[in-house]
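Novice: Could you work out the structure for the sequence below:
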Amino acid sequence: MTQPSHNEPTAAGTEEIREQVEQVRTELGHTVEALAAKADIKARAKEEVAEAKKQATAKAGDLKEQAAVKTRELTAKGTALAHQAQDKLPDPVRDKAARASGQAHATAAQAGRVWQEKAPEPVRRKTAQGARLARDNRSALLAAAGVAVAVWLVHRRKG
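Specialist: This next block holds a predicted model:
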């Protein structure tokens with residue numbers, strides 16, 4: 001160790017020296033712990049991964065909510081467009097579509113009976129599942145059909 005300069009006071013006794021040594025030891029222990037924590041790359045990496053995972057989960061939740069809101073908005077907009085397109089259809093076209101729908105319904109009923117008699121069970125099960133899905137999403141399907149009719153009418157008049 002270095003000698004104290006003449007300006008610095010020297011320790012009064014062994015008890016004071018012991019207290020100083022203990023204080024330096026405590027400070028050194030804290031410094032060593034801090035350095036060990038900085039040097040523990042594995043623990044720091046785990047902390048960073050946990051933080052990144054937390055942020056990604058939060059962002060995914062936000063994006064999911066935004067997608068749900070947009071889906072509701074687009075469904076509402078599509079339904080409104082379908083209603084507008086149906087309202088703009090001339091009466092003769094609407095009547096013809098209704099008759100065609102009635103005929104299609106009768107033909108579909110007959111096809112359904114044949115289907116029940118001839119189709120294998122796994123195919124019928126999958127078809128029923130698809131029909132349930134279509135019924136559950138009826139408004140979206142109607143909106144898409146309305147948009148398709150409107151586009152067809154626009155192209156028909158231009159051509």
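
Novice: name the helices or strands packed onto the helix or strand of the chain with the lowest mean pLDDT?
Specialist: Across the helices and strands of the chain, mean confidence by mean pLDDT, DSSP states H and E is lowest for helix 91-118: a mean of 77. Applying 3 or more C-beta pairs under 8 Å, 6 or more residues apart in numbering; DSSP states H and E, one finds that helix 91-118 makes contact with helix 121-136. Using the backbone N, CA and C atoms, a C-beta is placed for each residue, glycine as well.

Novice: So which other helices or strands are in contact with the helix it packs on?
Specialist: helix 91-118.

Novice: what's the offset of the helix it packs on from the middle of its chain?
Specialist: 40 Å (C-alpha atoms, centre = their mean, to the nearest Å).

Novice: tell me which residues in that helix are buried?
Specialist: Residues of helix 91-118 classed as buried: none (neighbour count, 16 or more other C-beta atoms under 10 Å).

Novice: between the longest helix that the chain contains and helix 91-118, how big is the angle?
Specialist: The helix that spans the most residues within the chain, counting by DSSP state H, is helix 41-88. Angle of helix 41-88 versus helix 91-118, following axes from the mean of the first three to the mean of the last three C-alpha atoms, to 10 degrees, is 120 degrees.
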